[in-house]
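Chemist: Here is my input, please return the structure:
(2 chains)
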Amino acid sequence: MAWHIAAYTRQLQEGEILGVTVADLPVALYRIRGEVFASHNICTHAHACLSEGYLEDGVIECPLHQAQFDVRTGKVLSGPTRVPLSVYPVRVHGEEILVDLPGETVAAAQ
Amino acid sequence: MAAECRQRVLIVGAGQAGARTALALREHGWQDAILIAGDEAEYPYERPPLSKSVLVGAADPADATVLSGADCAAHGIELIRGDAVAALDLVRRQAHMSSGSHMDFSHLVIATGSRARGLSLPGAQLDGVFMLRTARDAMAVRARLKQGVRVAIVGGGFIGLEVAASASQVGCRVTVIEVHRHLLARVVTPTIAAAVKRLHRAHGVDVRTNTRIEAIEGVDAVRRLRLADGSAIEADLVIVGVGALANDGLAIAAGMPCGDGILVDEGARTRVDGVYAVGDVARHQSLWGARGVRLESWENAELQSVAAVRSIMGKPESPRGAPWFWTDQFGGNLQMLGFPDPLHEVVMRGSLDEDSWCVFMLDGGRIAAAYLWNAGRERRGIVQLMDAGHPVSASLLADRERPLRDLLKVNS
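Modeler: Down below sits the predicted model:
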């Protein structure tokens, strides 16, 4: 695992989703009641960006086929998939949103 | 002796609806036995990928398994594969299996699905003529879909068009033949049908609407389709997608009231106490304002199985919202909500030439149906407007600058 700067807090408004690419990985960032969460940005069912989906009450719904995931845990809540969403730890340092992504530790934050 | 006193839910049919029923029974606290039986060899799976990712080789049917062997073991569900129920005795509460054995039940859920309607044309039995319903069908078609193969698709409905897109994607030369004036007749508006036709033509699919087939010709294998005007379409492979019929034969033989589907109420109850029907085989007496509808959809299989379980467990019904359906073709995603009617007022949000649009069908100022092209993000807001039954202004709906969430606020 390694911490990466994924975005800046000004880019992510309350209740919104931001799709970013971090270390070649598509990542979705969510801001829910001030807190930031991160997941893989591609639905586990079909190739669709969750950042194009619908966020409500901590649940992200895929725009294609309605798969719903808890953005805090990645758990499948409903929809045509049984594969949970990968979620990543998030830290906010000042303006920076950092996510802890799997993979080599070369790019680890100092 | 105690074991004989236990109740047992028998689920006839091991597709998505049957499997979901079994799983939902455990989720809702059913403690007694669950037996699910189906005639297919595979573990229960969802069918939407069969005409799309499975055909292009991007997925296998097993990737969409709903109920695996491990699930059965974990949840104490007994699954019989490859053996169909041959007859039902609703008085003795017994099912007779094709293999000769019989099963007792206290509750019965009929989830026998639907079957592809065949063509009653000369040559329909020739080698190379396929229908698409099961995993086995999909794998047989996939084996034939090769670069340059000439594929004729009979029927411009959802299955036909999805297969056309998939076949085209793997390099086949594809012709779609539809007898009606429009593709997706009765399901979408003529203008949306025209947009779908443009999409297919842009990808090289030869789309022939208003075209009637007289015969499928060939000696041993299919060679061509003979059309009513005397012309012919050469084909190596014919795929028939002209609708589906409810597998309600067991219920009819058992004396239950049916009419292309087993009649059920909101709780998936049939007229026979303790007997339920779910999924494609069920005909809803009433659903979201429509009467006598049968829905062949992923969503219906998902929701109606839960409705049956709630009825079995004596839990109150949860109301169903506007029905939802999707299709994926050439990387585009079309979603449909509600029940359209040609008499409805059509309101466009965006232009059909764009990459994303919504079309609404208004009935007395309320949204009765909606079509979303690459606009799944809008779905939730639209569903809220539809299920609340709020009157909405056509001009506000058409205004893309105005978020749909705001319309709900305006109206509440």
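
Chemist: where exactly do the helices run in the chain?
Modeler: Since you didn't name a chain, this refers to chain A. Taking DSSP state H, chain A contains no helices at all.

Chemist: you looked at the wrong chain, it should be chain B
Modeler: Going by DSSP H, chain B shows helices at B:2-5, B:16-27, B:69-75, B:135-144, B:158-169, B:190-202, B:249-253, B:298-312, B:379-388, B:394-398, B:404-411.

Chemist: model confidence over the last one, on average?
Modeler: Put plainly, it is helix B:404-411. Helix B:404-411 carries an average pLDDT of 73.

Chemist: Check what pLDDT the residue nearest to A:Q68 when sequence neighbours are not counted gets.
Modeler: Spatial nearest neighbour of A:Q68, excluding adjacent residues (CB to CB, 6 or more residues apart in numbering or on different chains): A:L77 at 4.2 Å. Heads up, the C-betas are built off the backbone N, CA and C, glycines and all. pLDDT for A:L77: 94.

Chemist: Then the one 4 residues further on?
Modeler: Listed pLDDT for A:T81 reads 85.

Chemist: Quick check: chain neighbours aside, which residue is closest to it?
Modeler: A:H45 (3.8 Å).

Chemist: my guess is the residue nearest to A:Q68 contacts A:Q66, does it?
Modeler: No. Judged on CB atoms under 8 Å, A:L77 makes no contact with A:Q66 at a distance of 10.4 Å.

Chemist: just to revisit the earlier point, neighbours of the residue nearest to A:Q68, how many?
Modeler: 13 (other CB atoms under 10 Å in any protein chain shown).

Chemist: ok, now how distant is it from chain B?
Modeler: 13 Å (CB to the nearest CB, to the nearest Å).

Chemist: now A:L12
Modeler: 17 Å.

Chemist: ok, residue 59 - how many residues close by?
Modeler: No chain was given, so I picked chain A. There are 18 residues near A:V59, going by other CB under 10 Å.

Chemist: look at chain B instead
Modeler: The burial count for B:A59: 15, using other CB under 10 Å.

Chemist: Can you give me the pLDDT of it?
Modeler: 94.

Chemist: How about it: what's its closest non-neighbour residue?
Modeler: B:S53 (3.9 Å).

Chemist: And that neighbour, what's its pLDDT?
Modeler: The model reports B:S53 with a pLDDT of 94.

Chemist: got the residues of chain A near chain B?
Modeler: With CB under 8 Å from any CB of the partner chain as the criterion, chain A comes near chain B at residues A:46, A:48, A:52-54, A:56, A:61-66, A:78, A:80.

Chemist: again, 6 Å this time
Modeler: Taking CB under 6 Å from any CB of the partner chain as the contact definition, chain A meets chain B at A:E52, A:Y54, A:P63, A:L64.

Chemist: out of these, which is most surrounded?
Modeler: Neighbour-wise, the residues of chain A next to chain B (other CB under 10 Å) top out at A:P63, 25 neighbours.

Chemist: how much space is there between that one and B:G57?
Modeler: Distance, A:P63 to B:G57, using CB to CB, to the nearest Å: 25 Å.

Chemist: A:G34 too?
Modeler: For A:G34, the distance to B:G57 - CB to CB - is 45 Å.

Chemist: Please say which of these two ends up with more neighbours.
Modeler: Neighbours per residue, other CB under 10 Å: of A:G34 and B:G57, the larger number sits with B:G57, 12 against 7.

Chemist: show me what contacts that one?
Modeler: By CB atoms under 6 Å, 6 or more residues apart in numbering or on different chains, the contact list for B:G57 is empty.

Chemist: Quick check on it: phi, psi?
Modeler: phi 80, psi 10 (degrees, to the nearest 10).

Chemist: Likewise for B:D273?
Modeler: Per-residue torsions, B:D273: phi -60, psi 130 (degrees, to the nearest 10).

Chemist: Which residue does chain A have closest to chain B?
Modeler: For chain A, the residue closest to chain B is A:P63, as judged by CB to the nearest CB, at 3.1 Å.

Chemist: low pLDDT regions in chain B?
Modeler: B:1-5, B:410-412 (pLDDT under 70).

Chemist: what residues does it put near chain A?
Modeler: Residues of chain B lying near chain A by CB under 6 Å from any CB: B:N333, B:G376, B:R377, B:R380.

Chemist: My understanding was that B:L25 contacts B:V309; is that so?
Modeler: Yes. Contact between B:L25 and B:V309 holds when scored by CB atoms under 6 Å: they sit 5.3 Å apart.

Chemist: Now intersect the residues of chain A next to chain B with the strands, please.
Modeler: Counting by DSSP state E, the part of the residues of chain A next to chain B found in strands is A:Y54.

Chemist: Which two of the residues of chain A next to chain B have the greatest separation?
Modeler: Farthest pair in the residues of chain A next to chain B (CB to CB) is A:Y54 and A:L64. Separation: 11.4 Å.

Chemist: And the residue nearest to B:A59, how far from A:A46?
Modeler: B:S53 is 8 Å from A:A46, by CB to CB.

Chemist: what do you get for B:Q329?
Modeler: Distance of B:Q329 to A:A46, computed by CB to CB: 13 Å.

Chemist: Which of these two has more residues huddled nearby?
Modeler: Ranked by neighbour count (other CB under 10 Å), B:Q329 and A:A46 place B:Q329 first, with 23 against 20.
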